[in-house]
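S.K.: Fold the following for me, if possible:
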Amino acid sequence: MNRNPSGLLFSLCIDGFVKYKTAEGLSQRTVDSYEWVLRKWMEKIGDQPVGKITSADVLDYMTYLRTEYVPHTFAKPNPAHDAPTRKLSPKTLRNHWITFKAFFGWAVAEFKIKNPMEGIPGPRYKEAPVAAFTQEDLAALLKACVYSREYNPINRHNFVTRRPSAKRDEAMIMFMLDTGLRASELCSLKIGELDLRTGKVVIKHGDEGGAKGGKGRTVFIGKSTRRAVWRYLADREDRDDPESPVFINRGNHPFNSNSLRHLIVRLADKAGVKGAHPHKFRHTFAITYLRSGGDVFTLQALLGHSSLDMVRHYAQIAEMDIERVHRKASPVDNLRF
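M.R.: Numbers count the residues shown, from 1 in each chain. As a prediction, the model looks like this:
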């Protein structure tokens, strides 16, 4: 590739950056997101030499995204929410900024060009509060896994039926709660990566295993989860095939993130649990782990986080819970003089 900045077209640099990030071990989803953001920008500013892109170009495009860009949607038109009112979320704007920063950081190291991202602060956005399931939520979800709705035939006693997928859904809920796996990691898990005797679970990185950060890790499941998974797999003809996915749908295909989310939302709706999604099990695992005396460094390894930033967030929530409980149950404050 020509290392003269004036001859390095934006499109060629995007190709190189994508190959570099793929070689780093980033997930395909992250790499695809980087490429999509950069190519959408190229459509706006043209396929010019990357060395000629300035800070003003970056700022102009960020302003365009914030004020004029209309996100594409597959939803049906709604007169109450016409196109001009739809805007990119603050988090999406920040993700664009992160992509530009990563791209030009690579380009500066590779081609010694001036970094147009210097002095451009990242858009701020308020983090959504991290919510965890309550004990009552979890009990209701597990019950919804097993039993269908209640029937009341004429002149007969009420009865409920057991759902055909009860064993699978119960095992899946317990597995997510016991490990804090990401949805992509759970969906990619194979039978050969699971040892039901020891509870050891090997999470592989990249597209093969769904783990982020270019490296896999080992997590563990407890006795109750092991029993639930064993009961589920005992009915499977492919239970001894190490390459078979652990969790499959009715068509004997592995779940993906969308179908898993759909299942959780459906179970939560039946259980009367609000705000349920697969990642909430990860939050619940992390907060419960710290409440139970776990340390942040071990939690970081179990969750597969590359830094302690998110783990510190969980720790702050756990500390707030401890403080709240102490205020309520302080022995001295509750003395009756």
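
S.K.: all contacts plus neighbour counts: C-alpha atoms, from now on.
M.R.: Noted.

S.K.: mind listing what the residue nearest to Pro90 when sequence neighbours are not counted touches?
M.R.: Counting by CA to CA, 6 or more residues apart in numbering, Tyr125 is the residue found nearest to Pro90 once chain neighbours are left out, at 5.3 Å. For Tyr125, the contacting residues are Pro90, Lys91, Arg94, by CA atoms under 8 Å, 6 or more residues apart in numbering.

S.K.: Point out where the stretch 201-337 of the chain drops to low pLDDT.
M.R.: Along the stretch 201-337 of the chain, the model assigns pLDDT under 70 to residues 205-215, 320-337.

S.K.: And the helices in it?
M.R.: With DSSP state H, counting those that start in this stretch as the criterion, the stretch 201-337 of the chain has helices at 206-209, 223-233, 257-271, 278-291, 296-303, 309-329.

S.K.: now, of the ones you listed, which is deepest in the fold?
M.R.: With neighbours defined as mean count of other CA atoms under 10 Å, the helices of the stretch 201-337 of the chain peak in mean count at helix 278-291, which reaches a mean of 21.

S.K.: got a list of contacts for it?
M.R.: 130-133, 176-183, 260-261, 264, 296, 299, 303, 311, 314-315, 317-318, 322.

S.K.: mind giving me the domain ranges of the protein?
M.R.: With domains defined by automatic domain parsing, the chain comprises 5-111, 135-329.

S.K.: Among those, show me which one is buried the most.
M.R.: Highest mean neighbour count among the domains of the chain (mean count of other CA under 10 Å): domain 135-329, with a mean of 17.

S.K.: can the domains of the chain go into a markdown table with extra columns for distance to Gly119?
M.R.: Shown next, in a markdown table, are the domains of the chain (distance: least, CA to CA, whole Å):
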| stretch | distance to Gly119 |
| --- | --- |
| domain 5-111 | 8 |
| domain 135-329 | 23 |
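
S.K.: just to revisit the earlier point, which of the contacts of Tyr125 lies closest to Asp195?
M.R.: Set against Asp195, the nearest of these by CA to CA is Lys91 (38.6 Å).

S.K.: phi, psi of that closest one?
M.R.: Lys91 adopts backbone torsions of phi -70, psi -40, taken as degrees, to the nearest 10.

S.K.: any idea how far Met310 is from the closest residue in space to it that isn't next to it in sequence?
M.R.: Distances taken as CA to CA, 6+ apart place Tyr125 nearest to Lys91, at 6.1 Å, with adjacent residues excluded. To Met310, Tyr125 is 15 Å away according to CA to CA, to the nearest Å.

S.K.: Likewise for Pro242?
M.R.: Where Met310 is concerned, Pro242 sits at a distance of 33 Å (CA to CA).

S.K.: same question, Ser165
M.R.: 34 Å.

S.K.: just Lys280 next, same as before
M.R.: Using CA to CA, one gets 14 Å for the distance from Lys280 to Met310.

S.K.: Just the strands from the stretch 1-150 of the chain, written as ranges.
M.R.: Using DSSP state E, counting those that start in this stretch, the strands of the stretch 1-150 of the chain run over 147-151.

S.K.: Could you list the low-pLDDT ranges of it?
M.R.: 1-7, 72-86, 127-128, 148-150.

S.K.: quick one: Trp106 and Lys19, what's the gap?
M.R.: 12 Å.

S.K.: quick check, distance from stretch 162-176 to the centre of its chain.
M.R.: 21 Å (CA atoms, centre = their mean, to the nearest Å).

S.K.: Show me the contact partners of that stretch.
M.R.: Contacts for stretch 162-176 (CA under 8 Å, 6+ apart): 142, 145-148, 186, 221, 225, 228-229, 231-232, 247, 278, 281-282.

S.K.: so for it, what's the average pLDDT?
M.R.: Here stretch 162-176 scores 92 as its mean pLDDT.

S.K.: Ile317: what's it in contact with?
M.R.: Ile287.

S.K.: Please report how far it lies from Tyr289.
M.R.: Note on Ile317: its distance to Tyr289, by CA to CA, is 12 Å.
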